[in-house]
Each structure stands twice: as C-alpha cells, then as structure tokens.
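[1] Here is the input, now give the coordinates:
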Amino acid sequence: MRYIAFYALARYNTLGGFMDCKVSLTWDNEAYVWLASSEDVPGLSLESGSLDALIERVKFALPDLLELKDTKIKIDFRAERVSEVSV
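    Below is the predicted model:
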C-alpha cells in the first residue's frame with residue numbers, strides 16, 4: 001500500500017512539483033559507518049564512514065532509484081547517533 005501512495009507522489013512531481021523524501025541516517029557502532037535508508041525510497045541502502053559523504057551519495061542515488069528526470073527532490077535528512085560515555 002505504501003508503494004502505491006509513493007508512486008502517486010512521484011507521478012504528481014513529474015508534472016513540475018517537488019518530491020518530498022525522508023531519509024534516515026543512522027550510525028552503526030560496530031561497523032563504524034553511517035547507514036542511509038528510507039521508507040519513501042524502495043532499495044535505498046547506502047553506507048559511508050563520513051556523514052557528509054553519505055549525504056552526497058544519497059543525493060546522487062535518489063534520482064536513479066526513483067527513475068526520475070527533471071524533477072526537484074526535497075530530501076529531509078534525519079541523523080541519529082548514540083554514544084556511551086564512561087564517567
């Protein structure tokens with residue numbers, strides 16, 4: 001059901017609007033990398049040791065994954081990193 005709603009949003013945006021995507025960026029303490037995923041973008045699964053590099057990779061990958069051309073995409077990045085501190 002989610003995929004059908006997303007397809008309708010992508011179709012609307014090919015008419016000249018904006019496409020909104022939410023992307024989660026999460027730190028993996030075991031692998032020491034940032035992970036990118038999104039419920040809005042089927043197949044998005046990227047990783048990088050640098051948060052800035054991962055954001056650039058996501059911006060490059062989204063149009064290909066969504067099979068879009070000449071459409072503006074607004075990406076809402078949400079980053080989360082949990083660390084333990086001994087005192």
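
[2] The chain: helices as residue ranges?
    With helices called from DSSP state H, the chain shows them at 2-13, 51-66.

[3] Where among these is average confidence lowest?
    Lowest mean pLDDT of the helices of the chain: helix 2-13, a mean of 40.

[4] Bridge partners for the residue sitting nearest the centre point of the chain, pull those for me.
    Residue closest to the mean C-alpha point of the chain, counted by CA atoms, centre = their mean, is residue 23 at 3.3 Å. Taking DSSP bridges, one obtains residue 77 as the residues bridged to residue 23.

[5] what sits against it?
    36, 37, 38, 40, 41, 44, 58, 75, 76, 77, 78 (CB atoms under 8 Å, 6 or more residues apart in numbering). To be clear about C-beta, it is placed using only N, CA and C from the backbone, and glycine gets the same treatment.

[6] One more pass at 7 Å, please.
    Counting by CB atoms under 7 Å, 6 or more residues apart in numbering, residue 23 touches 36, 38, 58, 75, 76, 77.

[7] residues contacting the last one?
    Spelled out, it's residue 77. 23, 25, 55.

[8] Apart from its chain neighbours, what residue comes closest to the last one?
    With CB to CB, 6 or more residues apart in numbering as the criterion, residue 55 has its nearest non-adjacent residue at 6.2 Å, and that residue is residue 77.

[9] Check the gap between the one you found and residue 48 for me.
    Using CB to CB, to the nearest Å, residue 77 is found at 13 Å from residue 48.

[10] now residue 19
    Residue 19 is 23 Å from residue 48, by CB to CB.

[11] try residue 67
    In terms of CB to CB, residue 67 sits 23 Å off from residue 48.

[12] try residue 26
    12 Å.

[13] repeat for residue 59
    For residue 59 relative to residue 48 (CB to CB), the value is 12 Å.

[14] C-alpha coordinates for stretch 32-42, PDB please?
    The C-alpha trace of stretch 32-42 is given here as PDB (Å, rounded to 0.1, in the frame of the first residue of the first chain):
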ATOM      1  CA  TYR A  32      31.900   2.400  12.300                       C
ATOM      2  CA  VAL A  33      29.800   3.700   9.300                       C
ATOM      3  CA  TRP A  34      26.700   5.800   8.700                       C
ATOM      4  CA  LEU A  35      23.800   4.000   7.100                       C
ATOM      5  CA  ALA A  36      21.100   5.600   4.900                       C
ATOM      6  CA  SER A  37      17.600   4.100   4.500                       C
ATOM      7  CA  SER A  38      14.100   5.400   3.600                       C
ATOM      8  CA  GLU A  39      10.600   4.100   3.700                       C
ATOM      9  CA  ASP A  40       9.900   6.600   0.800                       C
ATOM     10  CA  VAL A  41      12.600   5.100  -1.500                       C
ATOM     11  CA  PRO A  42      12.500   1.400  -2.100                       C
END
